[in-house]
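Asks: Sequence first, then the predicted structure:
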Amino acid sequence: MTELFTVHRPLVFFSYGLSFFVMGLTVAVQWRGISRLRLAQNLWLLAGFGLLHGLAEWGYVFVPLQVGYLGTGPFFTLKVIHATLTAVSFAFLLAFGLRVVSAYLPPSLASWPGLPGLVRGLPVAVMLIWSLSFAAVRWLVFRNDVEAWFEAADLWARYLMALPGATLTAAGLFAQAREFRDLGYPRVWRDFRGAAAVFAFYALVAGVIVPGAPFFPASVINQDNFFRLTGIPVQVFRAVCGLLVAISVIGGMEVFALETRRRLEEAEKRQAALMERVQIGRDLHDGLLQDLYGLSLHLEVIGQLVEGDAAKAKAEITAILSTLRRVTRSARSYVLGIPPTTLTDPTVLDSRLHELAAELRLMGIQVELSLDQEALRVLPPEVAHQLVPVAQEALGNVKRHAGATRVEVCLRRQEKGLLFIVHDNGRGFLPDAVDERVHRGLANMRARAGQMGARWEVRSAPGHGTEVRMVLDRDR
């Protein structure tokens, strides 16, 4: 077995390094700092560990190859860089483990004011201690034994950073796995639970089984004794851990795609709810609010007529009662979720236009209705549903703002489809000067035209009246 490992030693270390490097690269590519997951904010540390540790393990393959090409000084420098790279990679693992575990501490511990500073500062402090001891023992202890110095550096990097880092990472990933299970991601839960188990085993083979040293526990639990006991070098187990970590962590990165999909679904639901609110607001503005405003105008007229023209006042009251019944029906439809009759009955457009015309005539405005009955008969229900509030808004504006004495309402067929026009001889206005964020009528009519696939425009100028025009192509 020793001879077999010696022959394939470069392959073992290369595979070991490749597994961690691929894992780190995948995490780096998939990492999204904007994710809502607690784990995501710290994944860059896991990516750093994977990339650096992969490079460090490749050093066991490529650094010895430089013996024949580099002088003593450059080769020694390369070995120092290799040892430092190994320690830094474990420092990244320790930092990751600390941050992930701290995210799941009980509230009593998580609220400790010094916790954030400890979590961020401890890996830096440990790395600083390792660096100072690495430099000091070179001249105090291992002045004449460079290889022993590098083995001691590797030993302390594993005791100080690899062991606690891998242990904390295992605990943190296990806690995160349970969160994924609660979020409804069973496959990701299994992947991260597997990663937690692998990191727990990695803490043993990479942080406990270290190069031999003349003190406990390294004097008993070390790489040589492990090989004598099992007949397999510990590096093989580390390589297997690297492969399993890569598989499980890469599989767990699916959580970002699942999270993105869920956030898109939530955004679509919010958008649908917002559109529904906009539609309800538009319906209320064009229906109930128009009717209520019409009632107020009728009441003003009654106040002027009640003493002088009782018959006309009675007609106004009749109109008010009719409008109140319509408002009550509309309100009940909104409360019960019953579709308005205009959704299924195009003839309602005809009756509603006559009702609106009657209300205008009571106010002394001449109304001319020119309605093509054949056009009304073939009018699609969904178009009639949208035309009713458009007509209410256009004629409501005549009552409220135009100061008109005459209105023409036209619905007719033409070569390209249907034409609907409301034209008055009122005071007119500048359409471009209307703030549609405050006065929603024009915006609502434009929106309803868009829902029908119709072309809509308003033509008006001060002193020249107003015309609302809508053209619906025949092939719509």
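Replies: Alright, I've got the coordinates.

Asks: Which helix or strand in this structure has the lowest average pLDDT?
Replies: helix 288-305 (a mean of 60; mean pLDDT, DSSP states H and E).

Asks: Can I take it that H423 is in a strand?
Replies: Yes - the assignment for H423 (DSSP: H, G, I helix; E, B strand; the rest coil) places it in a strand.

Asks: and it, what is it in contact with?
Replies: Residues in contact with H423, defined by C-beta atoms under 8 Å, 6 or more residues apart in numbering, are V407, E408, C410, G465, T466, E467, V468. For the C-beta atoms, the positions are set from N, CA and C on the backbone; glycine is no exception.

Asks: and if we set it to 10 Å?
Replies: Residues near H423 by C-beta atoms under 10 Å, 6 or more residues apart in numbering: 368, 394, 398, 404, 406-410, 459, 465-469.

Asks: Against V458, how distant is it?
Replies: 11 Å (C-beta to C-beta, to the nearest Å).

Asks: Domain-wise, how is this structure divided?
Replies: Here the domain assignment for the chain is 2-252, 345-476, based on automatic domain parsing.

Asks: would you list the ones you listed in a markdown table and tack on mean pLDDT and distance to R261?
Replies: Formatted as a markdown table, the domains of the chain follow (pLDDT from 0 to 100; distance: least, C-beta to C-beta, whole Å):
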| stretch | mean pLDDT | distance to R261 |
| --- | --- | --- |
| domain 2-252 | 86 | 11 |
| domain 345-476 | 81 | 29 |
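
Asks: Let's have those in TSV, adding distance to R270.
Replies: Output for the domains of the chain, formatted as TSV (distance: least, C-beta to C-beta, whole Å):
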stretch	distance to R270
domain 2-252	15
domain 345-476	19
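
Asks: Just the element for L369, please.
Replies: Assigned by DSSP states H and E, L369 belongs to strand 366-371.

Asks: whoops, E467 was the one
Replies: With DSSP H and E as the test, E467 turns up in strand 466-473.

Asks: what packs against that strand?
Replies: Judged by 3 or more C-beta pairs under 10 Å, 6 or more residues apart in numbering; DSSP states H and E, strand 466-473 is in contact with helix 381-397, strand 406-414, strand 417-424, helix 441-452, strand 455-460.

Asks: My understanding was that V422 contacts A391; is that so?
Replies: Yes - V422 lies in contact with A391 (C-beta atoms under 10 Å); the separation is 6.7 Å.

Asks: Mutual contacts of those two, please.
Replies: Common neighbours of V422 and A391, counting by C-beta under 10 Å, 6+ apart, are L353, L356, V409, L411, M445, V468, M470.

Asks: Just the closest of these to F142, please.
Replies: M445 (87.2 Å; C-beta to C-beta).

Asks: Let me see the ranges of the helices in the stretch 151-300 of the chain.
Replies: Listed from the start of the chain, the stretch 151-300 of the chain has helices (DSSP state H, counting those that start in this stretch) covering 163-183, 186-207, 223-230, 234-252, 254-286, 288-305.

Asks: give the contact list for the residue nearest to A177 when sequence neighbours are not counted.
Replies: Distance criterion C-beta to C-beta, 6 or more residues apart in numbering; nearest residue to A177, sequence neighbours excluded, is F192 at 3.8 Å. For F192, the contact set (C-beta under 10 Å, 6+ apart) comprises 39, 172-181, 185, 248-249, 251-252, 255.

Asks: can you do 6 Å?
Replies: Taking C-beta atoms under 6 Å, 6 or more residues apart in numbering, we find F192 in contact with L173, Q176, A177, G252.

Asks: correct me, but the first one touches A195?
Replies: Yes - checked against C-beta atoms under 6 Å, the pair L173 and A195 is within contact range at 5.2 Å.

Asks: hmm, back to that, now render the helices and strands packed on strand 466-473 as JSON lines, adding distance to A148.
Replies: Supplementary listing: the helices and strands packed on strand 466-473 in JSON lines, determined by distance: least, C-beta to C-beta, whole Å:
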{"stretch": "helix 381-397", "distance to A148": "86"}
{"stretch": "strand 406-414", "distance to A148": "99"}
{"stretch": "strand 417-424", "distance to A148": "93"}
{"stretch": "helix 441-452", "distance to A148": "80"}
{"stretch": "strand 455-460", "distance to A148": "87"}
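
Asks: which one of these lies closest to G17?
Replies: Nearest to G17, of all the helices and strands packed on strand 466-473, is helix 441-452, at 59.6 Å by C-beta to C-beta.

Asks: Show me how far that closest one is from its chain's centre.
Replies: 30 Å (C-alpha atoms, centre = their mean, to the nearest Å).

Asks: Just list what that helix packs against, helices and strands only.
Replies: Judged by 3 or more C-beta pairs under 6 Å, 6 or more residues apart in numbering; DSSP states H and E, helix 441-452 is in contact with helix 254-286, helix 381-397.

Asks: Just the C-alphas of it, formatted as CSV.
Replies: Below are the C-alpha coordinates for helix 441-452, written out as CSV (Å, rounded to 0.1, in the frame of the first residue of the first chain):
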residue,chain,number,x,y,z
GLY,A,441,-60.0,59.9,-15.8
LEU,A,442,-57.9,60.2,-18.9
ALA,A,443,-55.4,57.6,-17.7
ASN,A,444,-58.3,55.2,-17.0
MET,A,445,-59.8,55.6,-20.5
ARG,A,446,-56.4,55.1,-22.1
ALA,A,447,-55.8,52.0,-20.0
ARG,A,448,-59.2,50.5,-20.9
ALA,A,449,-58.5,51.2,-24.6
GLY,A,450,-55.3,49.3,-24.3
GLN,A,451,-57.1,46.4,-22.7
MET,A,452,-59.4,46.3,-25.8
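
Asks: Could you give me the buried positions within that helix?
Replies: For helix 441-452, a neighbour-count test (16 or more other C-beta atoms under 10 Å) marks G441, L442, N444, M445, R446, R448, A449, M452 as buried.

Asks: Would you agree L376 is in contact with D350?
Replies: Yes - counting by C-beta under 6 Å, D350 is a contact partner of L376 at 5.3 Å.

Asks: Now do the strand holding E467 against strand 417-424, angle only.
Replies: Counting by axes from the mean of the first three to the mean of the last three C-alpha atoms, to 10 degrees, strand 466-473 lies at 170 degrees to strand 417-424.

Asks: in strand 466-473, what counts as buried?
Replies: Residues of strand 466-473 classed as buried under the neighbour-count rule (16+ other C-beta under 10 Å) are T466, E467, V468, R469, M470, V471, L472.

Asks: for those, which one is nearest L387?
Replies: The closest of these, once distances to L387 are taken by C-beta to C-beta, is M470, at 7.7 Å.
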